[in-house]
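**Q** Below are the sequence and a predicted model for it; my questions follow.
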Amino acid sequence: MLFHVRMDVRLPHGMPQDQAAELKRVERARAEELQRAGTWRHLWRIAGQYSNVSVFDVASTDELHTVLSTLPLFPFMEIAVTPLLRHPSSIHSDDR
Ligand SMILES: O=C(O)C[C@H]1C=CC(=O)O1
């Protein structure tokens, strides 16, 4: 199942820089791991914002929730999820 996910990161203004840097480091490591596994299919920065649009490929909404809610930055993100399905006019033979 494919899901479009938008994440808006909202780190507290008072968060110490070293804590923010460590959070970003572990978030990046987890994001890379999920991309290598094929779970996090696309990851795009939204220009001018500390936000991304992503596509996740998971077996269920339960799995998506588990993946998203265990991201290191999860407590500091607003997340919007949109389920996707193949468009009938798509010329692509798979869902990639
Ligand atoms: O930077 C972000 O958009 C938030 C999050 C997503 C991947 C990552 O490394 O951090």
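**A** Thanks, I have the structure now. Numbers count the residues shown, from 1 in each chain.

**Q** Need the residue closest to the centroid of this protein.
**A** residue 54 (5.1 Å; CA atoms, centre = their mean).

**Q** Where does that residue sit, in terms of helix or strand?
**A** strand 51-57 (DSSP states H and E).

**Q** how far does that strand sit from the chain's center?
**A** The chain centre lies 4 Å from the centre of strand 51-57; the measure is CA atoms, centre = their mean, to the nearest Å.

**Q** Packing partners of that strand?
**A** Here strand 51-57 touches strand 2-9, strand 40-45, helix 61-69, going by 3 or more CB pairs under 8 Å, 6 or more residues apart in numbering; DSSP states H and E. In short, each C-beta sits where N, CA and C put it, glycine included.

**Q** quick one: the residue nearest to the centre of the chain from residue 66, how far?
**A** Residue 54 sits 16 Å away from residue 66, going by CB to CB, to the nearest Å.

**Q** near the ligand, which residues of the chain?
**A** Within the chain, the positions adjacent to the ligand are 7, 9, 27-28, 31, 43, 52, 73 by CB under 6 Å from any ligand atom.

**Q** buried set for the lengthiest helix in the chain?
**A** For the chain, the helix with the greatest residue count under DSSP state H is helix 17-36. Neighbour-count burial for helix 17-36, counted by 16 or more other CB atoms under 10 Å, picks out 23, 27, 30-31, 34.

**Q** Could you do stretch 67-75 as well?
**A** Quick answer for stretch 67-75 (16+ other CB under 10 Å): 67-68, 71-73.

**Q** With stretch 56-64 instead?
**A** Judged by neighbour count (16+ other CB under 10 Å), stretch 56-64 contains these buried residues: 56-58, 64.

**Q** Could you measure from residue 36 over to the ligand?
**A** Residue 36 is 13 Å from the ligand, where distance means CB to the nearest ligand atom, to the nearest Å.

**Q** And residue 1, by the same measure?
**A** Taken as CB to the nearest ligand atom, the span from residue 1 to the ligand is 20 Å.
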